[in-house]
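Q: A predicted structure for the sequence below; I have some questions about it.
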Amino acid sequence: MTLRSSLHSALFALICAFAVGFAGVSSPQAAGSDIKVIVNKVPITSLDVSQRTAFLKLRREKGSLSAMATEELIDEALKRAEMRRLGISISDKEVNIAFGKFASNNKMKVPQLEQVLNQSGVTAKHFKEYIRMQMGWGRAVGSRFQATGRVSEQQAVRKMMEQGGGTKPSATEYLLQQVIFVVPAAKRGAILGARKREAEAMRSRFSGCENTITFAKGLKDVTVRNLGRVLAPELPPEWADAVKNTQQGSATPVRETDRGVEFIGICRAKEVSDDKVATLLFKSGGGDTKGAEELDKKYVQELRDKAQIIKR
């Protein structure tokens, strides 16, 4: 199940539970948690299982929920290990943003959503970790999907042109420059505010990419990276909307990141139409969703076949 589909299925049940005062959902007991499964030396506890069971109830799943919860948690333990191996990390900020959007999209305040989750026995923490895993695993599967070359460039072009009435699709190609005001982790609390003001001041003077490096030379711990040409479908999710909403010759709003505070300069933006665009749009638009789902299942099974799973 994809992040979008699983969250939507959870969504309807969450709203129903909220509206009827959590009728029919009992909160599991947190005390006395013991180890139920060990996956490659990583324990899954009875508390983990009870929280996931409560989540399955909210999703209106049918069947042996405890057994289903256990299997989901085994898969997730394997996925997290694979994400670590691949160097995929989802920050707390990304998770909190997704959590907040999930609440607002469903006409709920964040505290209301937290209340729903906590009173149902799922807990906000458990749901956030579920979001983190789904986001990271989506990136892992996407990376492998692209590497398999399941859809050739020629196939993608042909299919996109068939869908578009014989016209090759186009997309915006950006020439980008990234400006990072570095904030060491040990000094984050002390200097983040000041660094953000510095970044805002530089951003306000931004009028193109030609003079950025010259401006940065007079500032301490500022890194300027020329990101080169990037097509709209390739933009990182955390930057995509900001870049698309910023005009050529301007810079995106300043945002806090793990590195410090940053903004992206839009050196140039133009519409392009070529085979690479067709391929990217085909894949990002879900043109081969079935193939991606099959790859997801195969990927998880490979991890299971190599894993040491001990059930108690």
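A: Yep, it's here.
Q: ok, then the element right after the strand or helix carrying K101?
A: Per DSSP states H and E, K101 falls inside helix 92-105. The element immediately downstream of helix 92-105 (helix or strand, assigned by DSSP H and E) is helix 110-120.
Q: which strands and helices sit next to that next one?
A: helix 3-19, helix 46-58, helix 92-105, helix 124-148 (3 or more Cβ pairs under 8 Å, 6 or more residues apart in numbering; DSSP states H and E). For glycine as for every other residue, the C-beta is placed from the backbone atoms N, C-alpha and C.
Q: and with 7 Å instead?
A: helix 3-19, helix 92-105, helix 124-148 (3 or more Cβ pairs under 7 Å, 6 or more residues apart in numbering; DSSP states H and E).
Q: rank the ones you listed by pLDDT, which is bottom?
A: Within those, confidence is poorest for helix 3-19, with a mean of 45 (mean pLDDT).
Q: Now do the host helix or strand of K298 against helix 124-148, angle only.
A: In this structure, K298 sits in helix 289-306 according to DSSP H and E. Per axes from the mean of the first three to the mean of the last three Cα atoms, to 10 degrees, the angle that helix 289-306 makes with helix 124-148 is 110 degrees.
Q: Show me what helix 289-306 is packed up against.
A: helix 65-86, helix 124-148.
Q: what's in contact with the shortest one?
A: Think helix 65-86. 36-37, 39-40, 42, 44, 48-49, 52-53, 56-57, 61, 133, 136-137, 140, 300, 303-304, 307, 309 (Cβ atoms under 7 Å, 6 or more residues apart in numbering).
Q: gap between that helix and the chain center?
A: 17 Å (Cα atoms, centre = their mean, to the nearest Å).
Q: Likewise for the longest one?
A: Distance of helix 124-148 from its chain centroid, counting by Cα atoms, centre = their mean, is 7 Å.
Q: Could you shift the numbering so residue one becomes 14, and keep it that way?
A: Taking 14 as the first residue, the last one we looked at is helix 137-161.
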